[in-house]
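**Student:** Predicted model follows, preceded by the sequence.
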Amino acid sequence: EKLDLRKQYKHLFSPSAKKIEVVDVPPLQFAMVDGHVAAGEGPGDSADFLEAVAALYGISYTLKFMVKKRPDNPIDYPVMYLEGLWMTESYGYDIHKRDALTFTVMIMQPDVITPELFEEARERLLKKKPGPGPARLRLETFHEGPAIQTMHIGPYATEPETVARMNAFAQEHGYTVHGRHHEIYLGDPLRAAQEKLKTILRHPVLGQN
């Protein structure tokens, strides 16, 4: 059996870069890691962030192959995109400020991944790559709910322009932005050419006034 969450939730992962869209994100299951980027550092320079991302990909591919190769009801599926929830310690998010950041990085997991399977995969990952990374992992349901989103194309340094468009849309349509700044990385944020980066920006909103 083949399962593709990218197709199942296509409306959440293929927004236009030319407009702001309103979506209602259902409860979804993620492998997650919380962490901290020190003031003055960028995520790509942060050992804490890099460790978190490595642990996420490690367990995601471990789970994928465990499920694909099991003798009973094998299922194949692609590993989903890396996502990040960001906030400064003083709340909010401003890419121009080098404040300390807290983050939750996460990769969506299909419902076939149970807590028991997740723990088995974590043990396998720990044996293969001992270290603190796997111990930081957790499996959790995240319900974002109503949100606005758009595609940002280009370097992260130009994100404020896109965020400004999102804020203007929210104000015009009577939405109140709340929660953490959400980025969904359609390419590798650590390797792709900056001008070619595609990042979905999503902000949860409260209903129209």
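**Tutor:** Okay, I see it. As the structure is a computational prediction, the values presented were derived from the model and not from experiment.
**Student:** so L63 sits right up against L117, yeah?
**Tutor:** Yes: the criterion here is C-beta atoms under 8 Å, and L63 meets it with L117 at 6.7 Å. For glycine as for every other residue, the C-beta is placed from the backbone atoms N, C-alpha and C.
**Student:** of those two, who's got more company?
**Tutor:** Neighbour comparison, L63 and L117: the larger count goes to L63, with 26 against 17 (by other C-beta atoms under 10 Å).
**Student:** quick one: secondary structure of the more buried one?
**Tutor:** Using DSSP: H, G, I helix; E, B strand; the rest coil, the three-state assignment for L63 comes out as helix.
**Student:** What helix or strand is the nearest residue to it once chain neighbours are set aside located in?
**Tutor:** Using C-beta to C-beta, 6 or more residues apart in numbering and skipping the chain neighbours, the partner closest in space to L63 is A121 (4.8 Å). Using DSSP states H and E, A121 sits in helix 115-128.
**Student:** Averaged pLDDT, that helix. What do you get?
**Tutor:** When pLDDT is averaged over helix 115-128, the result is 95.
**Student:** Tell me which other helices or strands that helix touches.
**Tutor:** In terms of contacts (3 or more C-beta pairs under 8 Å, 6 or more residues apart in numbering; DSSP states H and E), helix 115-128 is packed against helix 47-69, helix 132-135.
**Student:** which one of those helices has the most crowded surroundings?
**Tutor:** Highest mean neighbour count of the helices and strands packed on helix 115-128: helix 47-69, a mean of 18 (counted as mean count of other C-beta atoms under 10 Å).
**Student:** And for the following helix or strand past it, what's in contact with it?
**Tutor:** Note on helix 47-69: by DSSP H and E, the next helix or strand toward the C-terminus is strand 82-88. Contacts to strand 82-88, defined as C-beta atoms under 8 Å, 6 or more residues apart in numbering, come from residues 30, 43, 53, 56-57, 93-94, 97, 99-108, 180-185, 189.
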